[in-house]
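>>> Just to be clear, the model below is a prediction. Sequence and coordinates:
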Amino acid sequence: MRPLAGSYLPEFFHEDHSLPKPSWSKDMRLLFDQFMKKCEDGSWIHLPSYNYTLFQRSQDISAFIHAYLPTASKLINEEKLLQAKIFTRNFEDGLGFEYVMFYNDVEKRVVCVFEGGPYLQGMPGCLHGGAIATMIDATVGTSAMIAEGIVMTANLNINFKRPVPLCSVVLINSQLDKIEGRKLFISCNVQSVDEKTLYTEATSLFIKLDPEKQV
Ligand SMILES: CCCCCCCCCCCCCCCC(=O)SCCNC(=O)CCNC(=O)[C@H](O)C(C)(C)COP(=O)(O)OP(=O)(O)OC[C@H]1O[C@@H](n2cnc3c(N)ncnc32)[C@H](O)[C@@H]1OP(=O)(O)O
């Protein structure tokens, strides 16, 4: 795997939240072990995941926002920014988003093993569509960041085909389809672990941020 574009890896490492926890279900643990086995020959890579942003120091966050999002930076309260945490990583263990991602560089695929906990309910007994959209965005977003560094979601188009049972484990399979200039097209599906149920299909467009442009 080539180094991440932009080389913006965190300077300080935190607890990796993508490692097995007692709250994980048997299915989640089984899939984690299967993918870790695939990592042994280097074809797949386990992607660590933290609950803070990629930048730890406040001056790094500020510098990033001023460089890449100058318009937004005028409206951001810098004090509040110090409290910022990653949306998907701040529920108590087992209650919200439990997930782990793996990357295959040859196939340009990111797979996310995801279990949506009881606090993510939408319709009774089912996962909230917004929670599914969030995890799709996080999975395709990870794929886009690995390919091109600093990107944002411009379009996310989702077809919800079957309800996802709350607290079940699903596989989110994403595929980088093509890159055209600053545009990255990534497709995705959400399937049951036995691959018999196709829950969701999605397409996305990410744009590589251009610091020369006032976004
Ligand atoms: C070790 C491993 C580490 C991995 C690391 C993982 C870290 C953990 C990752 C978590 C991953 C979370 C992923 C969350 C990702 C968000 O949640 S992002 C938040 C939601 N998105 C936003 O807020 C974006 C808001 N939109 C914008 O800011 C701007 O529209 C954008 C997207 C930056 C684009 O603006 P721009 O740079 O001015 O681009 P612009 O010139 O308008 O368009 C460029 C091209 O794209 C086209 N385009 C732009 N928008 C669209 C659109 N909506 N539809 C179609 N075409 C479009 C234009 O037509 C143009 O095409 P061409 O003329 O070049 O052919």
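Good, I have the coordinates.
>>> what residue ranges in this protein score low on pLDDT?
Residues of the chain that meet the criterion pLDDT under 70 lie in 1-14, 52-59, 214-215.
>>> and it, which of its residues are near the ligand?
47, 137-138, 141-142, 145-146, 152-155, 181-183, 205, 207, 209-210, 213, 215 (C-beta under 6 Å from any ligand atom). C-betas here are computed from N, CA, C, even on glycine.
>>> Just the closest residue of the chain to the ligand, please.
Gly141 (2.6 Å; C-beta to the nearest ligand atom).
>>> Apart from its neighbours in sequence, what residue is nearest that residue?
Distance criterion C-beta to C-beta, 6 or more residues apart in numbering; nearest residue to Gly141, sequence neighbours excluded, is Thr153 at 6.4 Å.
>>> Quick check, the one you found in contact with Thr142.
No. With contact defined as C-beta atoms under 8 Å, Thr153 does not reach Thr142; the gap is 11.7 Å.
>>> Settle it for me: which of those two has more neighbours?
Counted by other C-beta atoms under 10 Å, Thr153 and Thr142 do not tie: Thr142 has more neighbours, with 18 against 15.
>>> Quick check, that one in contact with Ile45.
No. Taking C-beta under 8 Å as the definition, Thr142 is not a contact partner of Ile45, at 11.4 Å.
>>> Quick check: neighbours shared by those two?
Tyr103 (C-beta atoms under 8 Å, 6 or more residues apart in numbering).
>>> re the thing from before, ok, now which ones touch the residue nearest to Gly141?
Shown in contact with Thr153 (C-beta under 8 Å, 6+ apart): Asp137, Val140, Gly141, Ser204, Leu205, Phe206.
>>> tally of neighbours for the first one?
The local packing count at Asp137 equals 19, with neighbours defined by other C-beta under 10 Å.
>>> Many thanks, I have nothing further to ask.
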